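Visitor: compute the structure for the input listed below.
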Amino acid sequence: MKLINSTVAAAVLALGSIAAGSAHADTVIFNNALAANATVALGVNDDGSLNTATGNVAQNSSRTGLAYNFGTPESSNWQDSTSPGCFCEGWGVSVNGTTSGYANVSTDGGPVNLSFGAATGVGPTSVTTLAALTSLAGLTVTHAYAVSGATSALFQSTVTIRNDTGATVNDVKYVRVMDWDIPPTEFAEYVTIKGTATTTLLEKSHNNGFNTANPLNDFGPRDPATVDVDFTDNGIDDHGAYFRFNFGSLDDGEEYTFSIFYGAAGNEADALAAVAAADIELYSFGQSSDGGEITGSPATFIFGFSGVGGIPVGEVPEPGSLALVGLALAGLCYARRRQQA
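Guide: Here you go, the predicted model:
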């Protein structure tokens, strides 16, 4: 949602003195304050991307991105879904069609045109990162990660893109991309994407998890059949999910806020229940091909969004009502184009 906030946080002002590429502290957070009782873990870098080596808990990788505990109360068995083989998970923002900043450990070699300090609000279950475009310091992006209030199966990252540049910025785009590496078949998984048809601010989606996080560039899909459409259990392949949004324009002092979700459940039914509980509008599942069968077990990993102009997937109407929904969305898109003109 768009918000106007007349108070510029002191942390935002402090970014002017932060050098690009500053040292990382990074952290791993859990969906339970007692890590021994946790089932999901998230490794967050200070630039806001995932896949951190600091405090790594994964037993199938040297970094933690999005991990699930396959163990028992007596013993942990953390298996990661985004870091094996390639630390390919990241985000990027661009404005005016010319200026971008982005971060992805492997695909983009780390942060590009971003200034940031150490993460703040670090606790067992939450962490907040703040970054600014180095070449346009008044354009900031905050990622506030915490356990979702809707279900402990999910982490929710509240993302705020704020414009304090002194002028209106246009064509505000945001990318989030990840390479799924689902255990125990880390490089041979099934991928699902749902919600593309009803997410009005979605500009591009497909299954290339190795894509750059730079919104001004797109390497294209691994499978052309996945571009800008819903698909179920695409694979078996080593692939992921790419989403690019366009939030239009932001006046000086204006911000746009939306949410990203990361999580995991023991099977597909529980993952769908988590998606519905959190009112997620657009999502991707990553699932193992263990045994060559699509079961959603031993875990289904979740990557989703809300606040991006969509309809919560649990509320998507039956096919007989889709024509009416299409007319409504067409009206919204037309109104949005006129506003940007």
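Visitor: drop to CA atoms for contacts and neighbour counts, all remaining ones
Guide: OK.
Visitor: show me where the stretch 51-200 of the chain has strands.
Guide: For the stretch 51-200 of the chain, strands defined by DSSP state E, counting those that start in this stretch occupy the ranges 66-69, 78-80, 89-95, 99-104, 110-112, 114-116, 126-133, 136-147, 154-163, 173-179, 189-194.
Visitor: in a markdown table, list those strands along with mean pLDDT.
Guide: Compiled in a markdown table, the strands of the stretch 51-200 of the chain are given as follows (pLDDT from 0 to 100):
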| stretch | mean pLDDT |
| --- | --- |
| strand 66-69 | 97 |
| strand 78-80 | 96 |
| strand 89-95 | 98 |
| strand 99-104 | 98 |
| strand 110-112 | 95 |
| strand 114-116 | 97 |
| strand 126-133 | 97 |
| strand 136-147 | 97 |
| strand 154-163 | 98 |
| strand 173-179 | 98 |
| strand 189-194 | 96 |
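Visitor: make JSON lines out of the ones you listed and add distance to R244.
Guide: Shown next, in JSON lines, are the strands of the stretch 51-200 of the chain (distance: least, Cα to Cα, whole Å):
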{"stretch": "strand 66-69", "distance to R244": "20"}
{"stretch": "strand 78-80", "distance to R244": "24"}
{"stretch": "strand 89-95", "distance to R244": "9"}
{"stretch": "strand 99-104", "distance to R244": "13"}
{"stretch": "strand 110-112", "distance to R244": "18"}
{"stretch": "strand 114-116", "distance to R244": "19"}
{"stretch": "strand 126-133", "distance to R244": "18"}
{"stretch": "strand 136-147", "distance to R244": "15"}
{"stretch": "strand 154-163", "distance to R244": "14"}
{"stretch": "strand 173-179", "distance to R244": "4"}
{"stretch": "strand 189-194", "distance to R244": "13"}
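Visitor: got a markdown table for the ones you listed, with mean neighbour count and distance to D47 too?
Guide: A markdown table is the format used below for the strands of the stretch 51-200 of the chain (neighbours: other Cα atoms under 10 Å; distance: least, Cα to Cα, whole Å):
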| stretch | mean neighbour count | distance to D47 |
| --- | --- | --- |
| strand 66-69 | 29 | 16 |
| strand 78-80 | 27 | 20 |
| strand 89-95 | 27 | 9 |
| strand 99-104 | 25 | 7 |
| strand 110-112 | 20 | 7 |
| strand 114-116 | 27 | 6 |
| strand 126-133 | 25 | 6 |
| strand 136-147 | 23 | 9 |
| strand 154-163 | 24 | 13 |
| strand 173-179 | 27 | 13 |
| strand 189-194 | 24 | 26 |
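Visitor: OK, contacts around the closest residue to S157 other than its chain neighbours?
Guide: Spatial nearest neighbour of S157, excluding adjacent residues (Cα to Cα, 6 or more residues apart in numbering): Y145 at 4.2 Å. Y145 sits next to S126, V127, T128, F155, Q156, S157, T158 when contact means Cα atoms under 8 Å, 6 or more residues apart in numbering.
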